[in-house]
Each structure stands twice: as C-alpha cells, then as structure tokens.
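Chemist: Below: sequence and its predicted model.
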Amino acid sequence: NKHSSPKNMKDAVTNFFDVPNGNLANLTSDERRNLSENIQIIATGNRGKNSGGGSFTILDKGEGQTPENMPKTILSIGSQNKGAIRFVQGMFNQGGTAVLQFCGPPGGFNLQLIASKRNPNIIQPNENKNWSFTVIRRYEEDQIKRDVKHSEYAYLAPKGKLLEFSAKEIVSIADGKTAYSLPQSHGSLFKLYQYQWTAGNSLLQFDAQRYISRKLLGSPLPVKLVETRYEKPETKDIIMVGVWNRGNDEMEEGFPIGGKLDLNKHGIGSIPWKLAVFKEEVKMSKIEAGCFLTVNGQEHGNLGETFITSQLKKEFLDRSLVIDLDITDISRRKREDLINTSRDKFRENQDFKIIKEEIIKTFKENETLIERNRIRKEAKQKEKLQNNENKIKIVSEILKQEKNILNYLTGAGIFITSKMRKIAEEPEYV
C-alpha cells in the first residue's frame, strides 16, 4: 500500500534488489549481468529494414499475474492500478497499448502474445497458480458487428476467460544466441510480432541499445538485450544500464555535475538536474546527447536535436552533452498537464514555456559548460591548424625531393628527370 511501499525508484531498487544507494554504477559487471537476467529483450525472426520487421520478446521474472487478475491489470485500459505505488512507471494505464499499432506489417492483424504466471513466493493460498495467456489482434470496421467509426483491438478470451495451463515453467528465454532455450518459472512475457521499429532493424547492440538508453537515462535495473537473428560472433548479448549507470570513466574530468531549477514562485516546484560532457572518443552508439525531462529515470520528452547548438550555443558540445532534468517531484497537477500519454513530447502550455526558458537561461550561462565549450573549440581550431601545417609540410617535402615540380609550377627550366617524362620545351628566352 501507499504507506509501506517505497516512495521513489531509488529506494525500491535498494530495498528489493540490494543495489547500494539504488545506483547500478555501484555494482560490478558480474552483478549487473546477474541482475539483468530478470528483464530481457530478445530479438527473433526477420532482420533488416526491408524484412517486414523482426519480432521482439520482452520478459521479466517479476511478480506476474494470475489468470483472474490479468484482465484487471495488464489487459486493462484506464484503470488506476498503479496510483498508490509511487515508485513504478505508468500514469495513464495506456502504455501497454501503444505498441499494438506497430505490431505486424501494414494491413495486418497487429498481433501480440501475452503470458503471465504469479510468482510462487508471493502467491496467496486461494490464488490460481496456472500460467495464463492471450493474443491481442486488430479488427477492422467491417469485421465488427457494432456500428463503429474506427478499428478496435480485442484479446482472446473464450467464454470471457483467458486460456490457462498448469506448468512449473515455460521455455521462453534465449541462451546466448539461441531463442527459446531456457526456462521461465514465473513473471510476464510479451511478444511483439513483426514489430515496426527502425532501431530494431540492425543489431540490438547498436541503434536499439542507444534508443533504450536514451529512454531510460537512469535505468533503475539492467536490461539484457539478446540478438538471435545474426550468426556472426559479435552478436552476443549486451547489458543495457542507461547513460548514468555506466560509470564516470567515459565522461570528461569533473563530471557529472548537478543542481536544481527553483520554480517554486511559479507553483511548479524544484527540478533537480544532472549533466555530463562525454569524452569525444566515446562511440556515439553508446550515448544519445540532448536535454531530457525524466520521471523515475525514464524520459518523458526532450527539447529537440538542435537544442544544444541553437538555444544553448554550445556547438562544440553538440554530440557529447547530456542534460537530465528530473520532474518526478514537481507539482503533480503541473506534471500531469505537461506530459503527453505518448511520452515523446510535452504539451506546450504556459508551464512548459516557463520551464524551457529557465533551462535555456541556466545552461546557456553555466560557467562550466562555457569553459568546456571553449576548450573544445580551441582544440578543434588547433587540430585544424595542425592539419593545415601538416599538409604544407607534406607539399614542401615533395617539392624538396622533386624540384622540377616547383620549376613547372613557376614556369622555369627544363623538366626532364628519370622519373618524369618531358613536360615542357626549353624556353625561347632566358
């Protein structure tokens, strides 16, 4: 209940998973990998942008649901089943439906498989211990008996009940690169068939990892990404922990830094922020630079790809600067009015304009960023100058070794050497 559950994600991760201070950066790589077994994304089926979309299985070894409760939780829309649990994601009880329109090729049935079983450690004596599953699909207007103006989604439930079966475990987890090899004893599973996801067309370790890391800058738990569609050695699984949990060795010295935006006079509250400038040698596939507003470590919108250069005037930090503003604890009403259910942009109301103006003022005038941008600028200028000097040096060395080239360029002399054909006649006048 709301009185005994953790008040935020950090406390929840500390209490339930023994993560020191609720920060994955405090775990060893082996500890992260072991913890990542609880949440996995497994790519199967097709590959490549012209393949019709690969299939992605998202599974967890969490609390799971009974056959009776799944329609009230995972399959419900608009219910307030998370309202009293402050540390979980989800505000509108609509997030699970967002993927449906992207399941399957255009004109298809938009199929999704869902299965779940209650964790034996928390199940009550009178609760159903079976696995239950269903398939969600799309129905067009002409397939619906009622008079409707749009297509609808429905889940399979013969005679109003989910299909269920008794089993200690199901084989659903990938072993390295082989799909469906290891058992899952409880939790939930979601399979998105032929999912239309541009980032998922290539190896999960590349675009997909960067995309998920951007959405979960402060991921509370590690996620294991398993690629089974490619046979090459480099397609082994990878552990995604989010931008802030990878450690500070990839950042410039002195980062990350933090502070607060004080917007109490506007009735919004305080917004803690954290930022870092990553080293230039860090691969762009590992980070997604920009300015993000987050709730419980999850991005709920950003200020655009050009914000760093066009608004903050930090063009030399464009691909390296990550700014994270945590709006978790601002006025609840203000937050609800800001966030769209799509979580990809904000409602541009008056509060958003106030927040954006304060962000621009704070970080445009931030002395640390001004100095870091200056250092990068001077380094680039020096590098450019050095490159020009190297080019001049190379040309000078060539001219020293072959003086006939200089003579040819200046229009003097007879131009015959053992390495060159005759390229000009002897001048008539000297």
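Modeler: Structure's in. What do you need?
Chemist: Tell me how many other residues crowd N46.
Modeler: Neighbour count for N46, taken as other C-beta atoms under 10 Å: 15. Just so you know, the C-beta spots here come from the backbone N, C-alpha and C atoms, and that holds for glycine as well.
Chemist: Give me the nearest residue to it, chain neighbours excluded.
Modeler: Setting aside the residues directly before and after it, N46 is nearest to G54 in space (C-beta to C-beta, 6 or more residues apart in numbering), at 5.0 Å.
Chemist: right, and A179 touches G45 too?
Modeler: No: A179 is beyond contact range of G45, at 9.0 Å (criterion: C-beta atoms under 8 Å).
Chemist: now for the lengthiest helix in the chain, which elements pack on it?
Modeler: The longest helix of the chain (DSSP state H) is helix 367-401. Where contact means 3 or more C-beta pairs under 8 Å, 6 or more residues apart in numbering; DSSP states H and E, helix 367-401 is packed against strand 269-277, helix 403-410.
Chemist: buried residues in the longest one?
Modeler: Put plainly, it is strand 269-277. 269, 271, 273-277 (16 or more other C-beta atoms under 10 Å).
Chemist: so R118 touches G187, yeah?
Modeler: No: using C-beta under 8 Å, R118 is not in contact with G187, being 9.2 Å away.
Chemist: Looking at those two, which is more packed in?
Modeler: R118 (24 against 20).
Chemist: Let me see the contact set for that one.
Modeler: R118 is in contact with 63-66, 69, 127-129, 186, counting by C-beta atoms under 8 Å, 6 or more residues apart in numbering.
Chemist: pLDDT weak spots in this structure?
Modeler: Low-confidence segments of the chain (pLDDT under 70): 1-4, 48-52, 78-96, 141-150, 232-235, 283-287, 341-344, 399-430.
Chemist: any idea which residue sits dead centre in it?
Modeler: For the chain, the residue sitting closest to the mean C-alpha position, by C-alpha atoms, centre = their mean, is I212 at 2.1 Å.
Chemist: quick one, phi psi at that one?
Modeler: With angles defined as degrees, to the nearest 10, I212 sits at phi -70, psi -40.
Chemist: Which residues are in contact with it?
Modeler: Going by C-beta under 8 Å, 6+ apart, I212 touches 41, 223, 225, 240.
Chemist: partners of the host helix or strand of A115 in the sheet?
Modeler: Per DSSP states H and E, A115 falls inside strand 112-117. Strand 112-117 has its sheet partners listed here by DSSP bridges as strand 131-139 (antiparallel), strand 187-192 (antiparallel).
Chemist: Backbone dihedrals for I308, please?
Modeler: phi -60, psi -40.
Chemist: wait, it sits on S320?
Modeler: No: with contact defined as C-beta under 8 Å, I308 does not reach S320; the gap is 9.0 Å.
Chemist: The two: who's more crowded?
Modeler: Between I308 and S320, I308 has the larger neighbour count (other C-beta under 10 Å), namely 26 against 21.
Chemist: that older thread, quick one: contacts of the strand holding A115?
Modeler: With contact meaning C-beta under 8 Å, 6+ apart, strand 112-117 is reached by 64-65, 70, 74-75, 99-100, 103, 129-137, 155, 170, 172, 185-193.
Chemist: Buried ones only from those residues, please, as a ChimeraX command.
Modeler: This is how ChimeraX selects the buried members of these, with burial counted by 16+ other C-beta under 10 Å:
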select :64,65,70,74,75,99,100,103,129,130,131,132,133,134,135,136,137,155,170,172,186,187,188,189,190,191,192,193
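Chemist: circling back to that earlier point, joint contacts of I308 and S320?
Modeler: Taking C-beta under 8 Å, 6+ apart as the criterion, I308 and S320 both touch A289.
Chemist: Include neighbour count, secondary structure and distance to G247 when you put the contacts of I212 into JSON lines, please.
Modeler: Below are the contacts of I212 laid out as JSON lines (neighbours: other C-beta atoms under 10 Å; DSSP: H, G, I helix; E, B strand; the rest coil; distance: C-beta to C-beta, whole Å):
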{"residue": "I41", "neighbour count": "23", "secondary structure": "strand", "distance to G247": "22"}
{"residue": "V223", "neighbour count": "22", "secondary structure": "strand", "distance to G247": "17"}
{"residue": "L225", "neighbour count": "20", "secondary structure": "strand", "distance to G247": "19"}
{"residue": "M240", "neighbour count": "25", "secondary structure": "strand", "distance to G247": "14"}
